[in-house]
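Engineer: sequence-free structure coming up:
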């Protein structure tokens with residue numbers, strides 16, 4: 001019996017069509033990423049080696065990855081990597097997969113620093129509240145080199161991933177300090193105040209959870225997604241208590257669902273702690289970020 005020798009091009013074509021028939025989003029991209037991961041090559045290298053034949057072990061291992069994707073496991077958890085801000089981050093089911101829209105938080109934080117709007121522009125103290133994979137904290141540490149970053153999360157497993165990412169990006173403990181606890185708990189017995197607080201909290205309403213794609217619903221950590229009733233539970237807590245932990249003139253930046261931004265602006269007004277507030281759109285032209293500045297004095 002003779003066995004067919006699959007080339008890279010052939011197996012990609014067949015796999016992409018197979019994934020498309022099974023309703024997998026971006027089937028060609030998925031096929032390429034998983035084959036590149038299996039062969040330890042870049043996607044560009046796949047195209048440069050289209051006629052390269054695969055051995056039986058490579059094909060068997062690739063099929064194993066495809067079976068995982070058919071069960072709707074996210075590609076990022078299969079490969080263990082996700083790009084954010086053109087940087088490579090390690091991810092696992094312990095952390096939310098970083099999304100492109102969250103880069104808006106980083107953009108606004110950088111603008112605040114570049115426009116000299118921080119009370120301590122020399123060595124600002126920045127808190128990433130609910131750090132998850134550490135993508136926000138690490139990106140800001142690399143972009144605002146004078147800053148010291150505090151990064152907190154309720155989940156020990158998430159902090160382990162964030163610490164691994166800090167090492168992955170050659171950031172030591174003097175640049176990023178990690179703390180475990182529920183929102184403000186790690187700082188409740190401290191007198192520390194921050195020039196900027198940034199958060200991408202859980203904001204999916206509990207009632208909407210079952211409507212999420214299976215990749216999210218079955219694989220990403222619910223603790224990082226579920227914002228309880230109306231999705232506003234953590235947003236309310238952050239807005240209500242952030243004034244205690246911000247310096248006068250300090251900034252609060254929160255990511256949320258577009259439908260939550262108006263309520264967040266109202267909550268900011270009700271605290272009477274903030275002199276300025278604004279909401280910003282993400283790359284899909286949907287309101288995604290609320291930014292506010294604490295009153296001076």
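Structural biologist: Now that the structure is in, tell me what you want to look at. In this text, all values refer to a predicted model and were calculated from it rather than measured experimentally.
Engineer: what sits against residue 289?
Structural biologist: With contact taken as CB atoms under 8 Å, 6 or more residues apart in numbering, residue 289 is in contact with 104, 105, 108, 253, 254, 255, 256, 261, 279, 280, 281, 282. (Glycine included, C-beta is placed from N, CA and C.)
Engineer: after the lengthiest strand in the chain comes which helix or strand?
Structural biologist: The single longest strand within the chain, with elements called by DSSP state E, is strand 246-255. Once the chain leaves strand 246-255, the next helix or strand it forms, by DSSP states H and E, is helix 261-271.
Engineer: contact partners of that following helix?
Structural biologist: Defining contact as CB under 8 Å, 6+ apart, one finds that helix 261-271 is touched by 232, 235-236, 239-240, 243, 254, 256, 274, 277, 279, 287-290, 292.
Engineer: if we use 7 Å, what do you get?
Structural biologist: Helix 261-271 is touched from outside by 232, 235-236, 239-240, 243, 254, 256, 274, 277, 279, 287, 290, 292, with contacts defined as CB atoms under 7 Å, 6 or more residues apart in numbering.
Engineer: out of these, which is nearest to residue 225?
Structural biologist: Closest approach to residue 225 among those (CB to CB): residue 256, at 12.5 Å.
Engineer: in contact with the closest residue to the closest one other than its chain neighbours, which residues are there?
Structural biologist: Sequence neighbours aside, residue 203 is the residue nearest to residue 256 in space, at 4.8 Å (criterion: CB to CB, 6 or more residues apart in numbering). By CB under 7 Å, 6+ apart, the residues touching residue 203 are 227, 231, 235, 256, 257, 260.
Engineer: let's have those in TSV, adding pLDDT.
Structural biologist: What follows is the contacts of residue 203, written out as TSV (pLDDT from 0 to 100):
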residue	pLDDT
227	94
231	94
235	97
256	96
257	95
260	96
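Engineer: cheers, nothing more for now.
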